[in-house]
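Student: Just need the structure, nothing else, for what follows:
(one chain, ligands or ions: 2)
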Amino acid sequence: MGSEHLSARPGFVRNSMEATMKPVLQLSPMTCQRIREIDQVAMEQFQMPGIVLMENAGRGAAECIHQITPDGNVLILCGKGNNGGDGFTIARHLQLAGREVTILAMATTNELQGDAAIQAKIAEAAGIQIQVIGETDETELLSAADVIVDGLLGTGAKPPLRGRYAKVVEAANASSAIRIALDIPTGMNGDTGETGEATFRADYTLTFAAPKVGFEKSNATRFTGEVHVISIGVPLKLLRQFSS
Ligand SMILES: NC(=O)C1=CN([C@@H]2O[C@H](COP(=O)(O)OP(=O)(O)OC[C@H]3O[C@@H](n4cnc5c(N)ncnc54)[C@H](OP(=O)(O)O)[C@@H]3O)[C@@H](O)[C@H]2O)[C@H](O)CC1
Ligand SMILES: [K+]
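Tutor: Numbers count the residues shown, from 1 in each chain. Ligands and ions are numbered 1, 2, ... in the order given. I've put the predicted structure just below:
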């Protein structure tokens, strides 16, 4: 059927954004460890490579970011792990949607491992601008951003923030940008909701697979902002195994 017929069909969704599918099953809040078990089961029992989970996470988060902030340039802060890997993935999808995207990476691509390294290499090949901390004036990058995405630390964080992470988080918090955290605001313990002296103060947190139990603790909302759960594309059968 040609596209000219599609739009004639009653109820045709004109804006593809409205067509974004949501899982029929929403998981209850979980600990970081339990979330990481979802990753393991998806890979071991459902043959889903980690890179597929990361691609789903990144594409879903990019669609949400584009809906929340349809305009303005986007600066994505990428840590050394898979939270950073999500950031590299998001950069490609936002660039594809016509957005101006820059990555501020906490490590060089060849210091990365696994799925994060793959996504970083794809982003490099895609010509996405990647600035490495210490080799650029991050203060200028952060103050010029309209939207800042926190892909520094997620469920693998072990407080306190090391090296330049605290300085980057504080500079991001001091900016006038809209701040969006990936999975968990950097500096927050996803299980307890406890926050360190430097914690990313997000307007929105796009969390993967399920909300984190720490988000329910008092004053956590001050750092998570509005929480959106992003699907990582695992089968409904797996979600049912993890729904209490
Ligand atoms: N199932 C899912 O929900 C999926 C989640 N995804 C994303 O993956 C992250 C978890 O990735 P992981 O690599 O396990 O951990 P992080 O990226 O959060 O951080 C680990 C790296 O950060 C360094 N680190 C740890 N603590 C600190 C600190 N306090 N200061 C500085 N650096 C820190 C750590 O270095 P080490 O030397 O300690 O090893 C690591 O380099 C999850 O949050 C999601 O975003 C998948 O993308 C999709 C499926
Ligand atoms: K984060």
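
Student: can you pull the contacts of residue 26?
Tutor: 210, 229 (Cβ atoms under 8 Å, 6 or more residues apart in numbering). Where you see a C-beta, it was placed from the backbone N, CA and C, and this is true even at glycine.

Student: roughly how far apart are it and residue 210?
Tutor: Distance of residue 26 to residue 210, computed by Cβ to Cβ, to the nearest Å: 8 Å.

Student: now residue 238
Tutor: Residue 238 sits 12 Å away from residue 210, going by Cβ to Cβ.

Student: Repeat that for residue 148.
Tutor: 24 Å.

Student: Near ligand 2, which residues of the protein are found?
Tutor: Contact residues, the chain versus ligand 2 (Cβ under 5 Å from the ion): 150, 181-182, 186.

Student: out of those residues, which are buried?
Tutor: Buried positions within the residues of the chain next to ligand 2, assessed by neighbour count (16 or more other Cβ atoms under 10 Å), are 150, 181-182, 186.

Student: What residue, apart from its backbone neighbours, is nearest the spatially most central residue of the chain spatially?
Tutor: Residue closest to the average C-alpha location in the chain (Cα atoms, centre = their mean): residue 182, at 3.2 Å. Using Cβ to Cβ, 6 or more residues apart in numbering and skipping residues adjacent in sequence, the residue nearest residue 182 is residue 151, 4.7 Å away.

Student: how many neighbours does residue 127 have?
Tutor: 8 (other Cβ atoms under 10 Å).

Student: Also residue 219?
Tutor: Neighbours of residue 219 (other Cβ under 10 Å): 9.

Student: can you check residue 96 too?
Tutor: 13.

Student: sorry, back to before: when residue 238 and residue 210 are compared, which one has more neighbours?
Tutor: The neighbour comparison of residue 238 against residue 210 (other Cβ under 10 Å) goes to residue 210, with 20 against 17.

Student: Relative to residue 25, how far out is the more buried one?
Tutor: 10 Å.

Student: Spatially nearest residue to residue 61 (excluding sequence neighbours)?
Tutor: Closest to residue 61 by Cβ to Cβ, 6+ apart is residue 206, at 4.7 Å.
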